[in-house]
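Undergrad: A predicted structure for the sequence below; I have some questions about it.
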Amino acid sequence: MTQYIYMDESGCLGFDFSKKGTKSHILITFLILKDRRPVISLVKKIILTLPKIRMKKGAYLHAHYEKPTTKKRLLNKLAEKDVKIATMRLDKREVMVAGDPNQLYSNMVVSLINRLYADGVVDKSDDIEFIASRRNTSVRLNDDFNDRIEYGTREVVFRPSIMPASVDKCLQAVDFVSWAMWQKYVVGDDTYSDLLSEKIVNEYVMFEKSK
């Protein structure tokens, strides 16, 4: 059986908190589904509701630019679909990083994938198509990311790829989910994530301290 995992992230990889714009967290969000067509159809319908002036900026959805009503409409409808949501978050203030932040980022993704297998959210017999939203234009960094993901999941059938969110409607959907989860964890507003509560199967913390 083929399953699709769409990934988006919120936050940044910077650790210099004296710089303006450096975020305190990194958040990885997965949207897991078996059939992409209902989500693609949903995003297309939402796009058709956008005003013409918004359409001129590009006929695709980006949560950061959309109105609250659009965000709530998409999240409400997404919650009706056969999807699962999982997250991995890291409070960068809790760790000391001496190495490559890109390696840390890849480790977070691999950790989330492996935990989903361990918890039975996805099965090792499944054929997984993993599509990540492109966060940079460096071919080398994207290739390194794919290599690390493939190596970290080498015991299962797992095919990673990276593409711009503008070309894949499901990546646009997971962008909204990631935005909603960021509001919950970092901003402290669970208005949007509550709309998805029944679809959230796992919420992990990287390097979580034992209590």
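TA: Thanks, I have it.
Undergrad: Next one: Gln105 from Cys12, what distance?
TA: Gln isn't right for residue 105; it's Tyr. As defined by Cβ to Cβ, to the nearest Å, Tyr105 lies at a distance of 10 Å from Cys12. (Each C-beta comes from the backbone N, C-alpha and C, glycine too.)
Undergrad: Between these two, tell me which one has more neighbours.
TA: In terms of neighbours (other Cβ atoms under 10 Å), Tyr105 is the more surrounded of Tyr105 and Cys12; the figures are 21 against 17.
Undergrad: where does that one land on pLDDT?
TA: pLDDT for Tyr105: 84.
Undergrad: Check Lys45 too.
TA: pLDDT at Lys45 comes out at 92.
Undergrad: ok, it - how many residues close by?
TA: 12.
Undergrad: still on that earlier bit, between Tyr105 and Cys12, what contacts are shared?
TA: Counting by Cβ atoms under 8 Å, 6 or more residues apart in numbering, the contacts common to Tyr105 and Cys12 are Ile26.
Undergrad: Surely Lys71 and Val177 touch.
TA: No - contact status for Lys71 versus Val177: not in contact, 10.4 Å apart, counting by Cβ atoms under 8 Å.
Undergrad: When those two are compared, which one has more neighbours?
TA: Neighbour comparison, Lys71 and Val177: the larger count goes to Val177, with 27 against 21 (by other Cβ under 10 Å).
Undergrad: For Lys169, give its distance to Ala180.
TA: 17 Å.
Undergrad: Give me the more crowded residue out of these two.
TA: The neighbour comparison of Lys169 against Ala180 (other Cβ under 10 Å) goes to Ala180, with 26 against 21.
Undergrad: That one in helix, strand or coil?
TA: Following DSSP: H, G, I helix; E, B strand; the rest coil, the label given to Ala180 is helix.
Undergrad: Please, where are all the helices along this protein?
TA: For the chain, the helices defined by DSSP state H occupy 37-48, 52-55, 68-78, 101-118, 139-152, 169-182.
Undergrad: Which one of the ones you listed lies nearest to Pro160?
TA: Across the helices of the chain, Pro160 has its closest neighbour in helix 139-152 (4.4 Å, Cβ to Cβ).
Undergrad: average pLDDT for that closest one?
TA: The predicted model assigns helix 139-152 a mean pLDDT of 65.
Undergrad: before we move on, the earlier item: export the helices of the chain as a markdown table, with columns for distance to Val205.
TA: Output for those, formatted as a markdown table (distance: least, Cβ to Cβ, whole Å):
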| stretch | distance to Val205 |
| --- | --- |
| helix 37-48 | 27 |
| helix 52-55 | 36 |
| helix 68-78 | 23 |
| helix 101-118 | 10 |
| helix 139-152 | 19 |
| helix 169-182 | 13 |
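Undergrad: which of those helices sits most buried?
TA: Mean neighbours per residue, mean count of other Cβ atoms under 10 Å, is largest over these for helix 169-182, with a mean of 25.
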